[in-house]
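Trainee: got a predicted structure plus its sequence, pasted below:
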Number of protein chains: 4
Amino acid sequence: MENIKVAVLGATGAVGQKFIALLQHHPYFQVHELVASTRSADKPYREAANWIQKTPIPESVAELRVKSTDEPLESVVLFSGLDSAIAGEVEQRYAEAGHVVISNAKNHRMDPSVPLVIPEINADHLALIDRQPHSGALVTNPNCSTIFLAMTLAPLQRAFGVQAVQVSTLQAISGAGYPGLSATDIIGNVIPHIRGEEEKLETETLKILGAFDGERVVPATMQIGAQCTRVPVIDGHTETLSVKLDSRPDLETVREVLESYTGFPQEVSLPSAPRQPLWVFDAPDRPQPARDLEIEGGMATLIGRLRPCPVFDVRMVVLGHNTIRGAAGAAILNAEALVAWGYLSGGRFTRAAADEHRQPVVAGA
Amino acid sequence: MENIKVAVLGATGAVGQKFIALLQHHPYFQVHELVASTRSADKPYREAANWIQKTPIPESVAELRVKSTDEPLESVVLFSGLDSAIAGEVEQRYAEAGHVVISNAKNHRMDPSVPLVIPEINADHLALIDRQPHSGALVTNPNCSTIFLAMTLAPLQRAFGVQAVQVSTLQAISGAGYPGLSATDIIGNVIPHIRGEEEKLETETLKILGAFDGERVVPATMQIGAQCTRVPVIDGHTETLSVKLDSRPDLETVREVLESYTGFPQEVSLPSAPRQPLWVFDAPDRPQPARDLEIEGGMATLIGRLRPCPVFDVRMVVLGHNTIRGAAGAAILNAEALVAWGYLSGGRFTRAAADEHRQPVVAGA
Amino acid sequence: MENIKVAVLGATGAVGQKFIALLQHHPYFQVHELVASTRSADKPYREAANWIQKTPIPESVAELRVKSTDEPLESVVLFSGLDSAIAGEVEQRYAEAGHVVISNAKNHRMDPSVPLVIPEINADHLALIDRQPHSGALVTNPNCSTIFLAMTLAPLQRAFGVQAVQVSTLQAISGAGYPGLSATDIIGNVIPHIRGEEEKLETETLKILGAFDGERVVPATMQIGAQCTRVPVIDGHTETLSVKLDSRPDLETVREVLESYTGFPQEVSLPSAPRQPLWVFDAPDRPQPARDLEIEGGMATLIGRLRPCPVFDVRMVVLGHNTIRGAAGAAILNAEALVAWGYLSGGRFTRAAADEHRQPVVAGA
Amino acid sequence: MENIKVAVLGATGAVGQKFIALLQHHPYFQVHELVASTRSADKPYREAANWIQKTPIPESVAELRVKSTDEPLESVVLFSGLDSAIAGEVEQRYAEAGHVVISNAKNHRMDPSVPLVIPEINADHLALIDRQPHSGALVTNPNCSTIFLAMTLAPLQRAFGVQAVQVSTLQAISGAGYPGLSATDIIGNVIPHIRGEEEKLETETLKILGAFDGERVVPATMQIGAQCTRVPVIDGHTETLSVKLDSRPDLETVREVLESYTGFPQEVSLPSAPRQPLWVFDAPDRPQPARDLEIEGGMATLIGRLRPCPVFDVRMVVLGHNTIRGAAGAAILNAEALVAWGYLSGGRFTRAAADEHRQPVVAGA
């Protein structure tokens, strides 16, 4: 079993808090350092953070002194929940200093040398880090609404081919961070726009579903049209999807393909992996954010209302926990995949030798 | 100026209350009778109704004795907000007794002999009543989410031709009537299903946009795929649309076509007609239910985020007041259209003579 | 360790569901029978219940056939979440048939022969069942807002004497059951009235804080003024209290008295007992329903803003989980107390012999 | 009829916007200048303000250039919705420059030389401005929850004498300004603390109900205990009151005293005055923020559930529109009172001559 010291960047923010909550009893990773803005630096975490989680601040973390983003860090792995205003430059700097940066920020997601990973789908893209232009590594996970779209499209693409998808989202307020939205703006309201969100859904998905040819990722070519809205829900992004396939499977086959989909995290039993990545509901009015988000600890993608589409082929409703599977949990699963892939053996980061490819190792074995 | 006695059927329900509130100072129609279920019958309205409107019960109505659906009525025009469980049979019976039933209920909307009317679009369908198999008339308005879809598609169809549309809705709880949804079910939640709603959007729209050939309505032939959800908003249905057109206009042309669209209600200045039926917003985060629903007294269709679609041609967000333009206000506008068309001159219902077609008369002239 | 078969009365309702969820892994009690209205009877539970809990229906319960309230039951202990419309008569009948009815319904709470118990405060009142006029037993827990008031007043009364209290509540919608309130009525609203609630706070509290003299309960004599409102919160009743004491302790003493308060459940370590019954917060804006309800599994009473009152002596804010400590959890704790008191040894109900008093036994010893 | 140029200070904020909306068609006051922070200065108002009102920005105001707080102003009357962080100093400066500052900010409310006025209650306190140590005038209105408490206590004090009151509030989020509260903090939640609010209720009320002896205001002496909470309601502060009186009137007498209460604004028919300042509801579950706030244009104080109190004498629920009667509308009514009192005749501010007292003049006469 590994015992790897990790730091949380942006530790006082909403994503940073979720990292701390999810890592509390993690079998590999131990929170050793907390990094936040200058305003929080040098304070004990308990004082620096306006803790908004439902579980109390872990004892082991409450008294840690918060470091600023200028300080050198001891941890090998850095989980980044930094605000995108500074994440690009700070993460770059830490990667150059040899750290393995596992980032939830958007800044580097579309860099050609940076893997954008959902390990059920494209764990092999992690090998991009063997050629990154610095001594550390930089790995990203997708946007909180992209991940549930990609998780749903991946098995459909593999089994039937996907030509086009129309997706319309109803996103929770926790996706806007904290303090995020003004209550005046969202109570009893719908805001029909989330800045930059539609572009992320339309571009990140293609990179994730793309093929790694040993050198670079060749994006998938399906058409994606996304429309994003904000609704007065605390946690849980809902998405309505209509998908045009290459072939015309019956619905029962589609369902089987979705429910049986697994990938690398399930094969090697990563600690944070959902046992079953995609759940399909029978009840006509499920899944619902207020009812179903605790399934698989928030790491599953929940699908309902699978039915034919009069315009395309199949349509459905997709739901996921945006701050767990859609953010902090996604990053932790990526870090676990790096461990299983051998990149962190001996508690330090080691690239594959030139001309070699890593083989995954069963986690903790 | 006409002075026509009207009854409200289902007067204690949410739609019935809205009829009463909207008709309070109406230039033609005067609420003369109130009809509700046996439970309410014989009580004064003030006592029978759990009044949920923000304005008080009109004085002229508060003490009216509620009649049961079995009683004969004196009013010429009956506005029906009846529950669909009984609307079909009750409305039929009143039409057979010679009344002009203007219904918001779903039951007769798709009957071939019943006009399903949005007077900006298809006021000419009203002539179907000349051939209805009873001495009265039965006129319906569409479902509360259909109306905003149809209002948006109508000018696009006329100017460019519409091949297909994907629509995903975020519907307010008032659309479920009163008491409607349990608070436990919808606070902080999304319910990704509204029974029968998607079918209504997909079928009613085609009838409304269809052509009346003097005998029957030939439905339009575009493809429509609808996905409907319920969100914790009191009033206001939001819809994201992606539309595939026959031609490829630039966005500015699309915008002009939408903003300049008017129809019969504007031509003859019906009292409840919005001055401008379709409003197009520039601000990237509008329209919003909590901010924009009072425009045009709730009778406008509000459009925002007009932009190209990577899959189809144009996409946009549409919003409307579901209990005004989407229900009671729609029915009242239909009744006003009947007046302008001459069907109610002299305060009683008169069909066109055989082989004749009515010509609209300017209202109140 | 006991292994006692229990039934849940009103199993499909909100409280019934919470009983099932909380009993899922209970060390003594095993859900053996489910009872509901005729409408649900004979159906498998999975089908009969509109399950609204966040955890799935326990496997062991999902396929149980629901019984009607007319059927004889095998279980010794019956947890009642029956609606008050029928609870009075049905519970009475089951008690006469020899069952131990542990009820959350209001009907029998104020019966002189029925103990109204919060076991931290008045576990000794349980001995009332030795003289009940039937072969079974009937034990009740207080109303969901009473319990947090009584839990707060009990240590104050014992330490300082309480002369008067003014309490104003902000109650969650789950307190109204399911479906309970219409979303139309409560979203973005306050309803300044809950039928019968103020009377319950004003009378039940006096019985709970009263003295059992071996024959009957002599109610406490303090003055209580309660005002109850409903707010758009899912779970968690908040109460502002102002208390007039006999003596004038300083705030630090009051705080110590509250935090150190324990009773019978803590002494004998009942399985559902909170370790610390009363938590006192320092942060000026806590406790909050959306943040703090998971403390002690929802079984604690949470106190904040302890400060002097310009009119009385001390004032504070009190919060508790209304469906756990305020309902199903309270009843389960009462049943655990009965076990510890020896009333259910050998898996059947045995009263104390005449002229004897039971002595509590350490649970499971 | 007067025609007085006014400026709005803090014009982009929530209160500033409400001033603009309410003054749109005012018979005396015409919005001539808008003042905001440096960030907004020099921009047209339409651009500077994130307009959150339901009615559109008045045409006459939309293109006004926003001035900074450093600029000299032409207007005689300045309505201040400034943030308390700067209101104290800025308002002082404008008063010294000869302007009549009508402020909603808290900063000067308790200054001995500044009248804190609800004109139904203490319009005579306005005469304090005759002795203010600057050439202009500074008049304040109370906090948004104080006003409804004071409006309710004033007739009770006059008729029966008030010894003590316990008040517990449920305040709307608009009371926190804009953007104000984070949605994450308040959706589905209660925050049991509003900084400084309880102190305002406990002190401002005594000043308002105090007596002006020609030189100074001698505060009233009743005991007031306030507890304040924030609830997820957009507009409308609800308060539960329990009041101890000197005498013991029956409830019907209390009701008559409340309903018949009027003051200076009603006597001289000020334009913004409610016809009936206090409304008493019969329905057991009214008043409610989502239903009743539009009564009297938001300028009334709404009372319900009048009943005896087991601890004090009478208790009741009070509701008011916090941004209209509780803020901008209160200030406008104060300015109207100044006009009626003759302080603004000829469109400029004139104090009473030494040793004189002004007599009110009927507005517009």
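Mentor: Arrived safely, thanks for sending. Numbering: from 1, shown residues only, chains lettered A, B, ... in the order given.

Trainee: going along the chain, name the helices of the stretch 251-365 of chain A.
Mentor: Counting by DSSP state H, counting those that start in this stretch, residue ranges of the helices within the stretch 251-365 of chain A are A:251-259, A:264-267, A:289-292, A:329-340.

Trainee: buried sites along the first one?
Mentor: What it means is helix A:251-259. Buried residues in helix A:251-259, counting neighbours by 16 or more other C-beta atoms under 10 Å in any protein chain shown, are found at A:254-255, A:257-258. No exception for glycine: its C-beta is placed from N, CA and C like everyone else's.

Trainee: what's it in contact with?
Mentor: Counting by C-beta atoms under 8 Å, 6 or more residues apart in numbering or on different chains, helix A:251-259 makes contact with A:152, A:155-156, A:159-160, A:249, A:276, A:278-280, A:303, A:306-308, A:314, all of which sit outside it.

Trainee: would you map the strands across the stretch 201-350 of chain A?
Mentor: Under the criterion DSSP state E, counting those that start in this stretch, strands of the stretch 201-350 of chain A are mapped to A:211-212, A:217-218, A:223-230, A:237-245, A:278-280, A:301-308, A:314-320.

Trainee: JSON lines please, covering those strands and showing mean pLDDT.
Mentor: Output for the strands of the stretch 201-350 of chain A, formatted as JSON lines (pLDDT from 0 to 100):
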{"stretch": "strand A:211-212", "mean pLDDT": "96"}
{"stretch": "strand A:217-218", "mean pLDDT": "97"}
{"stretch": "strand A:223-230", "mean pLDDT": "98"}
{"stretch": "strand A:237-245", "mean pLDDT": "98"}
{"stretch": "strand A:278-280", "mean pLDDT": "98"}
{"stretch": "strand A:301-308", "mean pLDDT": "98"}
{"stretch": "strand A:314-320", "mean pLDDT": "98"}
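
Trainee: got the domain boundaries for chain A?
Mentor: For chain A, the domain assignment from automatic domain parsing gives the residue ranges A:4-142+A:327-347, A:146-321.

Trainee: which of the buried residues of helix A:251-259 sits closest to residue A:136?
Mentor: For residue A:136, the nearest member of the buried residues of helix A:251-259 is residue A:258. The distance, counting by C-beta to C-beta, is 36.6 Å.

Trainee: point out the residues in chain A that sit beside chain D.
Mentor: By the rule C-beta under 8 Å from any C-beta of the partner chain, the part of chain A lying against chain D is A:14, A:52, A:173-174, A:178-188, A:232, A:234.

Trainee: re the thing from before, which stretch among the helices of the stretch 251-365 of chain A comes nearest residue B:299?
Mentor: helix A:289-292 (32.9 Å).

Trainee: could I get the average pLDDT for the closest one?
Mentor: Helix A:289-292 comes out with an average pLDDT of 97.

Trainee: does chain B sit close to that helix?
Mentor: Yes: figure legend: helix A:289-292 in contact with chain B (C-beta under 8 Å from any C-beta); contacting residues A:289-291.

Trainee: then that helix to CSV, C-alphas only?
Mentor: What follows is helix A:289-292 as a C-alpha-only set of coordinates in CSV (Å, rounded to 0.1, in the frame of the first residue of the first chain):
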residue,chain,number,x,y,z
PRO,A,289,-30.5,15.4,-7.7
ALA,A,290,-32.2,15.5,-4.4
ARG,A,291,-32.7,11.7,-4.3
ASP,A,292,-30.0,9.8,-6.1
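
Trainee: okay, now residue A:307: neighbour count?
Mentor: Other residues lying near residue A:307 total 14 when counted by other C-beta atoms under 10 Å in any protein chain shown.

Trainee: how about residue A:55?
Mentor: Summarising burial for residue A:55: neighbours were counted as other C-beta under 10 Å, giving 11.

Trainee: look at it and report its pLDDT.
Mentor: Residue A:55 carries a pLDDT score of 89 in this model.

Trainee: what sits against it?
Mentor: Residue A:55 makes contacts with A:21, A:24, C:294, as judged by C-beta under 8 Å, 6+ apart.

Trainee: go again using 7 Å as the cut-off
Mentor: Listed by C-beta atoms under 7 Å, 6 or more residues apart in numbering or on different chains, the contact set of residue A:55 reads residue A:21.

Trainee: what's the distance between it and residue D:113?
Mentor: Residue A:55 sits at a distance of 53 Å from residue D:113 (criterion: C-beta to C-beta, to the nearest Å).

Trainee: quick one: the residue lying farthest from the centre of chain A from chain B, how far?
Mentor: The C-alpha centroid of chain A is most remote from residue A:310, which lies 32.2 Å away (C-alpha atoms, centre = their mean). As judged by C-beta to the nearest C-beta, to the nearest Å, residue A:310 and chain B stand 5 Å apart.

Trainee: chain neighbours aside, what residue packs nearest to that residue?
Mentor: Closest residue to residue A:310 in three dimensions, ignoring its sequence neighbours and counting by C-beta to C-beta, 6 or more residues apart in numbering or on different chains: residue B:225, at 4.9 Å.

Trainee: how about residue A:211?
Mentor: Nearest to residue A:211 is residue A:218, by C-beta to C-beta, 6+ apart, at 5.1 Å.

Trainee: what about the one you found, how many residues nearby?
Mentor: Neighbour number of residue A:218 under other C-beta under 10 Å is 12.

Trainee: my read: it touches residue A:210, true?
Mentor: Yes: in this structure, residue A:218 is within contact of residue A:210 by C-beta atoms under 7 Å, at 5.2 Å.

Trainee: what sits against the nearest residue to residue A:97 once chain neighbours are set aside?
Mentor: Using C-beta to C-beta, 6+ apart and skipping the chain neighbours, the partner closest in space to residue A:97 is residue A:136 (6.5 Å). Under the criterion of C-beta under 7 Å, 6+ apart, the neighbours of residue A:136 are A:94-101, A:349.

Trainee: distance-wise, check residue A:136 relative to chain C.
Mentor: Where chain C is concerned, residue A:136 sits at a distance of 37 Å (C-beta to the nearest C-beta).
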